[in-house]
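Enquirer: Fold the following and give me the result.
(one chain, ligands or ions: 2)
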Amino acid sequence: MIDQAPVIAIDGPSGAGKGTVSQLVAEKLGWHLLDSGALYRLLALAVSHHGMTADDVESLRVLAEHLDIQFEQGDEGKVDIVLEGEIVTQAIRTELVGNSASKLAQIPEVRDGLLMRQRAFSQEPGLVADGRDMGTVVFPDAPVKVFLTATAEERASRRLLQLQQKGDEVDYDELVATIKERDDRDANRAVAPLVPAAGALVVDSTDLTIDKVVEMVLAEVKKAGIV
Ligand SMILES: Nc1ncnc2c1ncn2[C@@H]1O[C@H](COP(=O)(O)OP(=O)(O)O)[C@@H](O)[C@H]1O
Ligand SMILES: Nc1ccn([C@@H]2O[C@H](COP(=O)(O)OP(=O)(O)O)[C@@H](O)[C@H]2O)c(=O)n1
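Expert: Ligands and ions are numbered 1, 2, ... in the order given. Okay, here's the model as predicted:
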């Protein structure tokens, strides 16, 4: 497979900081951004809106291939995520939707249906791609691959803070349990399991600041000579 443009693949478990770091790196480089998890979340929401079931895998593939989504420029530089005409930027961020997304993500037909859509994001001057299988499956030729992780407890604390800031009431212990459950499902599924890609720089961000992680990724980019 030939990538259309250079890709920085950033994979890892929930709450490791992938989204935050990917956005900052993309801004610094002036590159495009792919939040692949958002696609799985959008599919989960669409499946629920359409009252579909997880056993009709061929319909899920068709829905994944044709899902009507738009990333529109909203206020203050923010991007609005639009699903079938409705702004769902906040609605896809709940733990419930994340959990449904991770269940659908086990289905090979779903992954297949989303594959080409993800690859289409790879455009000049380059792409920062955040997910679980960016470096292993979607962009195996990416010149920079990072596996970003942190302890489940640290990731749950970060998520707790993030959800509290949005006014969501969640229990810390419950959050640790859901995060571990999702880690387990993502790491042990038969297709595209969550594992570091060969040659990936593994970064444990438990005791690192966001700025430090961004600095490490940019150093890797420099080392690869792609900017
Ligand atoms: N190194 C870090 N130290 C402290 N907080 C962090 C760090 N990285 C990310 N965060 C915070 O943790 C939360 C989850 O990060 P996010 O980027 O959404 O993770 P992911 O995309 O891997 O699920 C966010 O509120 C973010 O600001
Ligand atoms: N490339 C990807 C991205 C997400 N996913 C699935 O989608 C779920 C939600 O992804 P996400 O990146 O939005 O989740 P968080 O890391 O933000 O919690 C994950 O738990 C994965 O099961 C995937 O399988 N492959």
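
Enquirer: Can you get me a residue count around the residue nearest to residue 78 when sequence neighbours are not counted?
Expert: Leaving out its chain neighbours, the residue that sits closest to residue 78 by C-beta to C-beta, 6 or more residues apart in numbering is residue 89, at 7.8 Å. Placement of C-beta: from N, CA and C, glycine included. For residue 89, the neighbour count with other C-beta atoms under 10 Å is 16.

Enquirer: hang on, isn't residue 89 packed against residue 80?
Expert: Yes: when contacts are counted by C-beta atoms under 8 Å, residue 89 is listed as touching residue 80 (5.5 Å).

Enquirer: quick one on the thing from earlier: so what pLDDT did the residue nearest to residue 78 get?
Expert: Residue 89 is assigned a pLDDT of 95 by the prediction.

Enquirer: near ligand 1 at all, stretch 183-197?
Expert: No: Stretch 183-197 does not reach ligand 1 (C-beta under 6 Å from any ligand atom); its nearest approach is 11.3 Å.

Enquirer: Next, count neighbours for residue 29.
Expert: Using other C-beta under 10 Å: residue 29 sits among 19 other residues.

Enquirer: Could I get the full set of strands for the protein?
Expert: 7-11, 32-35, 69-73, 79-83, 86-87, 127-131, 144-149, 201-204 (DSSP state E).

Enquirer: which other residues reach the shortest one?
Expert: With C-beta atoms under 8 Å, 6 or more residues apart in numbering as the test, strand 86-87 has contacts from 80-81.

Enquirer: Tell me how far it lies from the chain's centre.
Expert: Centre-to-centre, strand 86-87 and its host chain are 20 Å apart (C-alpha atoms, centre = their mean, to the nearest Å).

Enquirer: Could you pull up the residues touching residue 185?
Expert: For residue 185, the contacting residues are 102-103, 106, by C-beta under 8 Å, 6+ apart.

Enquirer: and the helix or strand of the chain with the lowest mean pLDDT, anywhere near ligand 2?
Expert: Lowest on mean pLDDT, DSSP states H and E among the helices and strands of the chain sits strand 69-73, with a mean of 91. No: judged by C-beta under 6 Å from any ligand atom, strand 69-73 makes no contact with ligand 2; its nearest approach is 14.0 Å.

Enquirer: Note down every partner strand of that strand and its orientation.
Expert: Strand pairing for strand 69-73, using DSSP bridges, gives strand 79-83 (antiparallel).

Enquirer: Kindly export the strand it pairs with (C-alpha atoms) in CSV.
Expert: Taking C-alpha atoms only, strand 79-83 is exported to CSV below (Å, rounded to 0.1, in the frame of the first residue of the first chain):
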residue,chain,number,x,y,z
VAL,A,79,-14.7,21.5,14.7
ASP,A,80,-18.4,20.4,14.8
ILE,A,81,-19.0,16.7,14.1
VAL,A,82,-22.2,16.2,12.2
LEU,A,83,-23.9,12.9,11.8
